[in-house]
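Asks: When you get a sec, could you give me coordinates for this:
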Amino acid sequence: MQINTSSLNISSSTNQFDISAADKPKGPPPPPPGSTPPGLEPAVATLSEDEQTQVSDMLSSLTKEQQVELKNALDELKPLTEDLSAKDIGSVFLETLVQISSQSDQQESVGIDTYA
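Replies: Below you'll find the model as predicted:
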């Protein structure tokens, strides 16, 4: 049995642990707000220019909660898209994004007092 100590340094004089390698996040960094999630660029490219603009606008206006909801929805849909064309995946992505964005709009309008 081997123990990999390359990422764990113990300083005997101060009893401090350096686990900097373990602190680094795994995987690629999240995309900047408003950009297409990684791997979906070819699918979004099949959409019309108006739809691509709509996707970009909706992505940039998502809240943190909506971003998490979108990621979860895409994770659930991923196994179902293996046999779909890029165009079909783009349509499913747009539909999912519209759903998540419209749910937020509906929730915000419920909280508005129209009698004020």
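
Asks: what about the chain, any weak spots by pLDDT?
Replies: The chain contains residues with pLDDT under 70 at 1-33, 104-116.

Asks: Determine the longest helix present in it.
Replies: Criterion DSSP state H: the longest helix present in the chain is helix 86-110.

Asks: Buried residues of that helix, list them for me.
Replies: Neighbour-count burial for helix 86-110, with 16 or more other CB atoms under 10 Å as criterion, is recorded at 86, 89-94, 96-97, 100-101, 104. To be clear about C-beta, it is placed using only N, CA and C from the backbone, and glycine gets the same treatment.

Asks: Between the residues you listed, which sits nearest residue 34?
Replies: residue 97 (12.0 Å; CB to CB).

Asks: one step back: need the contact partners of the longest helix of the chain.
Replies: With contacts defined as CB atoms under 8 Å, 6 or more residues apart in numbering, helix 86-110 is touched by 40, 42-47, 51, 54-55, 58-59, 61-63, 66, 69-70, 73-74, 77, 81, 84.

Asks: Need the buried residues of helix 86-110 in CSV (columns: distance to residue 36).
Replies: Listed next are the buried residues of helix 86-110 as CSV, based on distance: CB to CB, whole Å:
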residue, distance to residue 36
86, 12
89, 12
90, 10
91, 14
92, 14
93, 8
94, 11
96, 13
97, 10
100, 15
101, 15
104, 19
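
Asks: tell me the helices in this protein, going along the chain?
Replies: Per DSSP H, the chain carries helices over the ranges 20-23, 41-45, 49-61, 64-77, 86-110.

Asks: other SSEs contacting the second one?
Replies: When contacts are defined as 3 or more CB pairs under 8 Å, 6 or more residues apart in numbering; DSSP states H and E, helix 41-45 sits against helix 49-61, helix 86-110.
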